[in-house]
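**Student:** sequence? don't have it. structure:
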């Protein structure tokens, strides 16, 4: 089996991730931050160690500014809904996932003005176009770091300079990049960084979080018991408790910690280099097949390991079925929850076939997948 | 070791729960509802099977009315924040956990009127007092099914008749009862039922959900990708997708499914009977120790397996330390995220020592814990 659906979730997970989860379930299996007995303290320690590992990965000074959520989507909702109010203006791009677009469309109905800056057909955003969209009531720029459709990287560094200059909040959706591409919240001047745990951080699904810069105040999405200030019927005002109501996904966080440590041991730079080489190999191979259209910048330096393509004369969903049934190649087809991105690159409403590479993807698998696409294309002519 | 902190999270988890999680991580490890390949379909099937099991447990006709959340707290936030608007009046009790009180206090600041009906010192709610609190603009009654401090059961049946008569929403917080006490959403006339997965449903932390009755409309807490209606930048209006944005805790849901099936195989009635007998044994034993005060109704028929007590002359936290260090008894001490409940039973602000029983608790463990409390009390005189 050739698993090329790493952009949906990475597979396989490192053995140490599964081991950490088993250890939690078998040996700890207590709630954190609530009781004071030895098992509860062990659970709290595991949560803190994961927080620390994530802080280290993103160069966050204070691990308590990293809050855990169910997924990147929840982190993005907290970032946007927690800071935007009627009358505010927010800027985003035309390459966004629905994890950004749907919260923004819902906010629009509440009197928040949304500007969607058009990206190029290759999926690239021009920082100058963002600057042109800034108005006196602009409060935030929210962007994905890399498109989940074409892999195209956003100019995060330039946008960070802009938002600093204009005093705007900069929220980055790192669902596709956390662990796969270097992120430094200080260098990139990020106010808010939403990440998922189950893609390139190698954790289980049900994990993710949001980094919140020191001076940024957000309204919580959820209120409830935090194990702290139990004498108060009001939410504690300190982090991470303010944004972490109810029992956390402790076993998931145990696995995520192991995953983040795995990524740091391998080295994000090294992971990135390997994936870039594989991406280059995949793009080149696909471009060599007559009848195949590859989308995006066609330049592995400017994208991550997510490659969208189509075969002339066959719908993406048919391609997906054949790849699964006949070649045991697992991929994702269609719109990938990103209609705006497909409109931008000209593949709406049918979408594309998407190959998502991971750190366990081999050159042999890339070559076999290219061969499969080549045969399918040949047969359909 | 004697684990009596099951009210914080049940321990141990049945072997089949851990097995289901391992199977997911090792063999499936794909995203659900997104891609169409065989692994993704397996993941979707697991999620649906858990939804079905939960629906069966609570006598919900349509499994799609069960939505998954990170915890009961998120379900309660969705229930309350999704339905209450400025000008609405909501009734709750003085025995609530902060998972109900904190969202309500936050809503109060947004113009929602909150009435907290006073319970008895034993932690019991008089349905007549709820009826007296109903006003023309009352929209919802929200209650916990059993107190996490005293275990006292709420008169859910009577409240369900009231809310039906007056056309109010009835939201029940089943964090302590789901799986440990029979719940039938139809018989109890529930509009909204929030449950956690990691207590008496034997699933892992990070799981829970909300049942939403057919005609009840809620505003989501989060918007985002759902794998459905991918061509739309607006949230789908159908369940469960409307309330399930972003990747779910798939491995947790796999474990939860196994836990719910375990509970159904054992039989909730049978689990309840066993826990009632153990609760009776524990209460009787503690009542026999001079210098120990036990809180609540002191009647196992009217409470679940959660028992709060104090030892004269020693603070709850000191008792907890001794029990852990010297007797390897794990419990929870303090306010248990429920300040209102402690004010009601007269134990604010120091709180109580809480023993939370589970289905794996034995008579021998109860007797040993009673013996430990007896020795500690003796020493402190």
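**Tutor:** Arrived safely, thanks for sending. Computed from a prediction, not measured in an experiment: that's the story for all the values here. Numbering: from 1, shown residues only, chains lettered A, B, ... in the order given.

**Student:** and the spatially most central residue of chain A, what does it touch?
**Tutor:** Nearest residue to the geometric centre of chain A (C-alpha atoms, centre = their mean): residue A:175, 0.1 Å. Residues in contact with residue A:175 (C-beta atoms under 8 Å, 6 or more residues apart in numbering or on different chains) are A:72, A:97, A:99, A:144, A:148, A:194, A:195, A:196, A:199. Glycine gets a C-beta too; all of them are placed from N, C-alpha and C.

**Student:** and with 7 Å instead?
**Tutor:** For residue A:175, the contacting residues are A:72, A:97, A:99, A:144, A:148, A:195, A:196, A:199, by C-beta atoms under 7 Å, 6 or more residues apart in numbering or on different chains.

**Student:** in JSON lines, list those along with neighbour count and distance to residue B:304.
**Tutor:** JSON lines is the format used below for the contacts of residue A:175 (neighbours: other C-beta atoms under 10 Å in any protein chain shown; distance: C-beta to C-beta, whole Å):
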{"residue": "A:72", "neighbour count": "32", "distance to residue B:304": "37"}
{"residue": "A:97", "neighbour count": "26", "distance to residue B:304": "43"}
{"residue": "A:99", "neighbour count": "31", "distance to residue B:304": "39"}
{"residue": "A:144", "neighbour count": "30", "distance to residue B:304": "46"}
{"residue": "A:148", "neighbour count": "28", "distance to residue B:304": "45"}
{"residue": "A:195", "neighbour count": "32", "distance to residue B:304": "39"}
{"residue": "A:196", "neighbour count": "32", "distance to residue B:304": "37"}
{"residue": "A:199", "neighbour count": "29", "distance to residue B:304": "40"}
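
**Student:** so which of those belong to helices?
**Tutor:** Counting by DSSP state H, those place A:72, A:99 in helices.

**Student:** if we can go back for a sec, and the pLDDT for the residue nearest to the centre of chain A?
**Tutor:** Turning to residue A:175, the model gives it a pLDDT of 98.

**Student:** distance of it from residue B:271?
**Tutor:** In this view, residue A:175 and residue B:271 are 40 Å apart by C-beta to C-beta, to the nearest Å.

**Student:** thinking again about what came up before, which SS state does the residue nearest to the centre of chain A fall under?
**Tutor:** coil (DSSP: H, G, I helix; E, B strand; the rest coil).

**Student:** so what does residue A:204 look like in phi/psi?
**Tutor:** Here is the backbone geometry of residue A:204 (degrees, to the nearest 10): phi -80, psi 160.

**Student:** tell me the spacing between it and residue A:255.
**Tutor:** For residue A:204, the distance to residue A:255 equals 5 Å [C-beta to C-beta].

**Student:** between these two, what contacts are shared?
**Tutor:** By C-beta under 7 Å, 6+ apart, residue A:204 and residue A:255 have these common neighbours: residue A:21.

**Student:** of those two, which one has the most company?
**Tutor:** Set residue A:204 next to residue A:255 and count neighbours by other C-beta atoms under 10 Å in any protein chain shown: residue A:255 wins out with 36 against 32.

**Student:** just to be sure, that one is in a strand?
**Tutor:** No: membership of residue A:255 in a strand is not supported by three-state DSSP, which gives helix.

**Student:** mind listing the helices for the stretch 201-350 of chain A?
**Tutor:** For the stretch 201-350 of chain A, helices defined by DSSP state H, counting those that start in this stretch occupy the ranges A:250-266, A:268-287, A:316-327, A:339-345.

**Student:** on that earlier part again, from the contacts of residue A:175, pick the one nearest residue A:56.
**Tutor:** Closest approach to residue A:56 among the contacts of residue A:175 (C-beta to C-beta): residue A:195, at 13.5 Å.

**Student:** dump the residue contacts of that closest one.
**Tutor:** Applying C-beta under 7 Å, 6+ apart, we find residue A:195 in contact with A:72, A:75, A:174, A:175, A:178, A:201, A:208, A:209.

**Student:** mind listing the strands for the stretch 51-200 of chain A?
**Tutor:** For the stretch 51-200 of chain A, applying DSSP state E, counting those that start in this stretch gives strands covering A:66-69, A:89-93, A:113-117, A:138-144, A:169-173, A:192-196.
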